[in-house]
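[1] Mind folding the following:
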Amino acid sequence: MSRYKKAEQLVRTLHSELEEEMKLPALSDISEKRLCLLLERIYRFETRCTLKKQKYSEKQCVALRGAIADLLLLLDSFDLKDAIANRNNGSDQQNDMGSVA
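    Numbers count the residues shown, from 1 in each chain. Predicted structure coming up:
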């Protein structure tokens with residue numbers, strides 16, 4: 001399964017878990033505009049709960065925000081996980097070269 005499909009499935013799964021609690025709109029299509037609106041709605045929900053000192057599914061909200069951010073980056077053709085993995089490999093090679101000299 002491609003990285004985009006995995007990220008999309010994660011967003012849909014987390015969305016369905018939180019849909020009732022947060023009164024989220026149905027997620028029929030995935031677009032940049034729809035994801036940005038969903039992200040704003042989640043931030044407003046969390047802010048309102050924090051100000052009113054209400055309990056909510058904080059860990060799932062954070063996971064959903066992260067999944068949406070990841071999907072937005074993938075829509076822009078940027079795979080953050082791949083970039084981080086390649087960055088770490090590049091820095092390890094530089095450290096190895098530095099220890100030889």
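
[2] Tell me where the model's unsure across the protein.
    Where the chain drops to pLDDT under 70, the residues are 1, 88, 90-101.

[3] for it, what spans make up the helices?
    With helices called from DSSP state H, the chain shows them at 3-22, 32-51, 58-75, 80-100.

[4] okay if I get these as TSV plus mean neighbour count?
    C-beta: built from backbone N, CA, C; applies to glycine. As requested, those are exported to TSV (neighbours: other C-beta atoms under 10 Å):
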stretch	mean neighbour count
helix 3-22	16
helix 32-51	13
helix 58-75	17
helix 80-100	10
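
[5] In CSV, please show the C-alpha coordinates belonging to stretch 32-46.
    Provided in CSV are the C-alpha atoms of stretch 32-46 (Å, rounded to 0.1, in the frame of the first residue of the first chain):
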residue,chain,number,x,y,z
GLU,A,32,-6.5,20.2,0.7
LYS,A,33,-9.3,22.6,1.4
ARG,A,34,-11.4,20.0,3.2
LEU,A,35,-8.4,18.9,5.3
CYS,A,36,-7.5,22.5,6.3
LEU,A,37,-11.1,23.1,7.3
LEU,A,38,-11.1,19.9,9.4
LEU,A,39,-7.8,20.9,11.0
GLU,A,40,-9.2,24.3,12.0
ARG,A,41,-12.3,22.6,13.4
ILE,A,42,-10.2,20.3,15.5
TYR,A,43,-8.2,23.2,16.9
ARG,A,44,-11.3,25.1,17.8
PHE,A,45,-12.8,22.1,19.5
GLU,A,46,-9.7,21.5,21.6
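
[6] Quick one: distance of it to the chain centre.
    Centroid separation between stretch 32-46 and its chain, computed with C-alpha atoms, centre = their mean, to the nearest Å, is 12 Å.

[7] repeat for stretch 36-54
    Computed by C-alpha atoms, centre = their mean, the chain-centroid distance of stretch 36-54 equals 16 Å.

[8] what does stretch 12-23 give?
    Here stretch 12-23 is found 14 Å from its chain centre; the criterion is C-alpha atoms, centre = their mean.

[9] With stretch 50-63 instead?
    In terms of C-alpha atoms, centre = their mean, the centre of stretch 50-63 is found 16 Å from the chain centre.
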